[in-house]
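Participant: Turn this into a model:
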Amino acid sequence: MGVRSAFLFVIVLLIAALAALNWGTLSAPTDVWLGFMTVSAPLGLIMLGLTVVLAAFFLVYVLYLHSSVLLDTKRHTKEMQVQRDLADKAEASRFTELRNFLEAQENKHMAHNADRHAALVARIDQLETAVRVRSEQTDNTLAAHIGQLEDRIERRPVVVPADINPQG
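Facilitator: Predicted coordinates for the structure are as follows:
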C-alpha cells in the first residue's frame, strides 16, 4: 500500500471516528434551506451522506482511470511487441542479406583465386614445356658438339713421338 493510500485510509478512519463520536449531533434534526423550500432534516447525516456519495464517485472515477490505463498499457505492449517483431524480422533480413553478400564475395574471391590458380598452373606448364624444349635443345647442341669433337679427333692423324717407337 502506497503513502497516498495510507493517507486516504487514515482520513476515512478519522471521518468515521468523528461521525461515531458525534452521532447525536449529526442526527439531530434542523431546518435545512434547499434554495426553494425549507425542510426539517439532520444536516450532519445529509453532509455525511454527500461525503460518502462523493467518495464513491471518486472511487468509481479512479477505477475507471486505472482500467483505462491498464487497457492502454496492454495496447501499447501489443504494439511494442509488434514493433519488436518487425525489428527482429528486419534484423534477421539484414543478417540474411549480409550472409548472402559475404557468400557472394567469398564465391567471387574463390572464383578469382581459381582463375589465378589456373593461370599459374598454365604458366608453370608453359615454363615446364619451355625448360623441356630448352633442355632438349641443350642436349642436342651438346651431342652435336661432342660429335664434332669426335669427328675431329677421328680425322686427325695420330702422331707418335719419335722417342716412343713401338718397333724398337
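
Participant: going forward, measure contacts between C-alpha atoms and count neighbours the same way
Facilitator: OK.

Participant: ok, and what's touching the worst-scoring helix or strand of the chain on mean pLDDT?
Facilitator: Lowest on mean pLDDT, DSSP states H and E among the helices and strands of the chain sits helix 23-26, with a mean of 85. When contacts are defined by C-alpha atoms under 8 Å, 6 or more residues apart in numbering, helix 23-26 is touched by residues Ala19, Pro42, Leu43, Gly44, Leu45.

Participant: got a pLDDT number for the second one?
Facilitator: pLDDT, the model's per-residue confidence, is 89 for Pro42.

Participant: check contacts around it.
Facilitator: Neighbours of Pro42 in contact, by C-alpha under 8 Å, 6+ apart: Leu26, Ser27, Ala28, Pro29, Thr30.

Participant: Report the beta-bridge partners for it.
Facilitator: Beta-bridge partners recorded for Pro42 (DSSP bridges): Pro29.

Participant: List just the nearest of the contacts of helix 23-26 to Ile124.
Facilitator: Ala19 (112.1 Å; C-alpha to C-alpha).

Participant: Which pLDDT does the model give that closest one?
Facilitator: pLDDT, Ala19: 86.

Participant: Equivalent analysis for the one 10 residues further on, please.
Facilitator: Per-residue pLDDT puts Pro29 at 90.

Participant: check contacts around it.
Facilitator: Applying C-alpha under 8 Å, 6+ apart, the residues contacting Pro29 are Ser40, Ala41, Pro42, Leu43.

Participant: ok, so what distance separates it from Ser40?
Facilitator: Computed as C-alpha to C-alpha, to the nearest Å, the Pro29 to Ser40 distance reads 6 Å.

Participant: Next: Ala118.
Facilitator: Counting by C-alpha to C-alpha - Ala118 and Ser40 are separated by 116 Å.

Participant: Could you do Phe57 as well?
Facilitator: 27 Å.
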